[in-house]
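J.: coords please:
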Amino acid sequence: MSKQKEIKTLNEEGRVSEGYIKGGDVFRTSSGRVTTPFPKQKSEVFATIWTIENGLLEAKARNDRYMELQFLAMNPKNFTKSDIDTSNYYLFGSFSSK
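T.: Take a look at the predicted model:
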């Protein structure tokens, strides 16, 4: 019998609601989607790539071409504070269709 993976939540600052983030964790986005598993590799670049890829998946799921282009333009080797804030808010912050 396999144990079902717990779906965690992050706030718009990217902080986990309980405990800490570890490899394999999945999270619920603000639109209700579940992310791909968080990378097990410890390097920050893997977390950055994970964030960008999940941002792209979220933008496609929302049919949000503008944000899709924003995520495509992000550089994992130069992930700015603005990129971090934008990604975390888009994925985990409040979402309004207005």
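J.: from here on, contacts and neighbour counts on C-alpha atoms
T.: OK.
J.: The chain: helices as residue ranges?
T.: 44-61, 65-73, 81-92 (DSSP state H).
J.: can you tell me which of the ones you listed the model trusts least?
T.: Looking at those, the lowest mean pLDDT belongs to helix 81-92 (a mean of 92).
J.: Flag every buried residue along it.
T.: D83, I84, T86, S87, N88, Y89, Y90, L91, F92 (16 or more other C-alpha atoms under 10 Å).
J.: by how many degrees do it and helix 65-73 diverge?
T.: Computed with axes from the mean of the first three to the mean of the last three C-alpha atoms, to 10 degrees, the direction of helix 81-92 lies at 130 degrees from that of helix 65-73.
J.: Report pLDDT for K3.
T.: 59.
J.: again with F79
T.: pLDDT, F79: 95.
J.: residues in contact with it?
T.: The contact partners of F79, taken as C-alpha atoms under 8 Å, 6 or more residues apart in numbering, are T48.
J.: Start the count at 860 instead of 1 going forward.
T.: Sure, I'll start numbering at 860, so the last one becomes F938.
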